[in-house]
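Visitor: Just need the structure, nothing else, for what follows:
(2 chains)
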Amino acid sequence: DTGVSQDPRHKITKRGQNVTFRCDPISEHNRLYWYRQTLGQGPEFLTYFQNEAQLEKSRLLSDRFSAERPKGSFSTLEIQRTEQGDSAMYLCASSPQDNQPQHFGDGTRLSIL
Amino acid sequence: EDQVTQSPEALRLQEGESSSLNCSYTVSGLRGLFWYRQDPGKGPEFLFTLYSAGEEKEKERLKATLTKKESFLHITAPKPEDSATYLCAVRRLLDSNYQLIWGAGTKLIIKP
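Guide: Modelled structure (predicted):
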């Protein structure tokens, strides 16, 4: 299967700990997006990469969140000093060009104890 | 404020009972409207893109239509496997091409 892959699928951690998620996009896609989704809501945009360049970061994203895409392939999203409100599904998507549909992975569900 | 509103929030149908889901949008210029299906614990799965009023797209039991103010996702003779949350998202003319405004979704339940 050559879809978007995310790891881990589930993460349970204590408040205050750091967590890191990984996303492997579809291989020919150079656009990569991170979203957060809570129950009963649509995805909320977090950040966007074109190749290795991070071109946009949501104003809602605190400085505890950081994302990288060092070689323009896979990406990581790190959350430092996690808080209860960080509990959500973190989704990654990719697309070949900007105005093409975004294809999503199955997400990482984060639970903060 | 630009926004996307989906209705109803939830819809329960009997197998074979056709219906429609609504996605209304108030944005300053539409570049494209996207429909996705999301199963519990999974990421959204792309269904359709619509770019201009009057456009229609079909896939199996689903047909998406677009007007200047709203889009409908028509489901004909649904089956239990069509149960999912259906999301719509809008890309505005003024935005960078990647930005999407999402609705909260319609949860569709098809009873056998």
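Visitor: what does the one helix or strand residue B:87 maps to contact?
Guide: Using DSSP states H and E, residue B:87 falls within strand B:84-92. If you take C-beta atoms under 8 Å, 6 or more residues apart in numbering or on different chains as the criterion, strand B:84-92 is touched by A:42-43, A:99, B:2, B:4, B:6, B:21, B:23, B:25, B:27-39, B:44, B:47, B:71, B:73, B:97, B:99-103, B:105-108. All C-beta spots, glycine's among them, are computed from the backbone N, C-alpha and C.
Visitor: Contact partners for the most centrally placed residue in chain A?
Guide: The centroid of chain A falls nearest to residue A:34 when counting by C-alpha atoms, centre = their mean (3.4 Å). For residue A:34, the contacting residues are A:23, A:46, A:47, A:48, A:67, A:75, A:77, A:90, A:91, A:92, by C-beta under 8 Å, 6+ apart.
Visitor: secondary structure element for it?
Guide: Counting by DSSP H and E, residue A:34 is part of strand A:31-37.
Visitor: Name the nearest residue to residue 4, ignoring sequence neighbours.
Guide: Answering for chain A, as no chain was given. residue A:105 (3.6 Å; C-beta to C-beta, 6 or more residues apart in numbering or on different chains).
Visitor: try again with chain B
Guide: Nearest to residue B:4 is residue B:103, by C-beta to C-beta, 6+ apart, at 4.2 Å.
Visitor: Quick check: phi and psi on that neighbour?
Guide: Backbone torsions of residue B:103, given as degrees, to the nearest 10, read phi -80, psi 170.
Visitor: Now for it, how many residues are close by?
Guide: Residue B:103 has 25 neighbours, counted by other C-beta atoms under 10 Å in any protein chain shown.
Visitor: from what I can see it touches residue B:6, true?
Guide: Yes. The pair residue B:103 and residue B:6 qualifies as a contact (C-beta atoms under 8 Å) at a distance of 3.8 Å.
Visitor: Need the per-residue pLDDT for residue A:1.
Guide: Confidence at residue A:1, expressed as pLDDT, is 53.
Visitor: And for residue A:99?
Guide: Residue A:99 is given a pLDDT of 74.
Visitor: What of residue B:70?
Guide: Looking at residue B:70, the pLDDT reads 97.
Visitor: How about residue B:96?
Guide: 68.
Visitor: residues touching residue 100, list them.
Guide: You didn't say which chain, so I picked chain A. Residue A:100 neighbours (C-beta under 8 Å, 6+ apart): none.
Visitor: My question was about chain B, not that one.
Guide: A:45, A:102, B:34, B:89, B:90, B:91.
Visitor: Tell me the bridge partners for the fifth one.
Guide: On DSSP bridges, the residues paired with residue B:90 through beta bridges are residue B:33, residue B:101.
Visitor: Counting by contacts, list what the lowest-mean-pLDDT helix or strand in chain A packs against.
Guide: Across the helices and strands of chain A, mean pLDDT, DSSP states H and E gives its lowest value to strand A:53-57, namely a mean of 90. Other helices and strands packing on strand A:53-57, by 3 or more C-beta pairs under 8 Å, 6 or more residues apart in numbering or on different chains; DSSP states H and E, are strand A:44-50, strand A:65-68.
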